[in-house]
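Visitor: whatever this is, show me its structure:
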Amino acid sequence: MITGDVAHHPCQLAHLDWSFADSDPKAAALTRSRVFAEWADPAILVIGTHFAAPTAGRIVRDGAAFRFAV
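Guide: Numbering: from 1, shown residues only. Modelled structure (predicted):
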């Protein structure tokens, strides 16, 4: 899965409410939460298009949030 503009930095997995130019920050945080949960549960390979290298990894649950595991 390619993150596109859902996340611009891996820190947004831990801080779903951190906004980088989202036009609707609340909706963006809810979208990140929903999408990351969908991607974490089946361990889908994720490419963070805006992430610094390494850009390929998996999203894993980390308490109430998530993290990027390479």
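Visitor: is it true that residue 35 lies in a strand?
Guide: No: looking at residue 35 with DSSP: H, G, I helix; E, B strand; the rest coil, it is helix, so not inside a strand.
Visitor: my read: it touches residue 5, true?
Guide: No: judged on C-beta atoms under 8 Å, residue 35 makes no contact with residue 5 at a distance of 11.3 Å. In this view, the C-beta of every residue, glycine as well, is placed from N, C-alpha and C.
Visitor: does the residue nearest the centre of the chain count as helix, strand or coil?
Guide: Within the chain, the residue whose C-alpha comes closest to the C-alpha centroid is residue 13; the distance, by C-alpha atoms, centre = their mean, is 4.5 Å. The three-state label given to residue 13 by three-state DSSP is helix.
Visitor: that one reaches residue 63, doesn't it?
Guide: No: using C-beta under 8 Å, residue 13 makes no contact with residue 63, being 11.5 Å away.
Visitor: gap between the closest residue in space to residue 22 that isn't next to it in sequence and residue 51?
Guide: Distances taken as C-beta to C-beta, 6 or more residues apart in numbering place residue 28 nearest to residue 22, at 3.8 Å, with adjacent residues excluded. Counting by C-beta to C-beta, to the nearest Å, the separation of residue 28 from residue 51 is 17 Å.
Visitor: hmm, who's touching stretch 44-56?
Guide: Residues outside stretch 44-56 that contact it (C-beta atoms under 8 Å, 6 or more residues apart in numbering) are 1-5, 7-10, 39, 57-59, 68, 70.
Visitor: one more pass at 10 Å, please.
Guide: With C-beta atoms under 10 Å, 6 or more residues apart in numbering as the contact definition, stretch 44-56 has outside contacts at 1-10, 12-13, 20, 35-36, 38-40, 57-59, 68-70.
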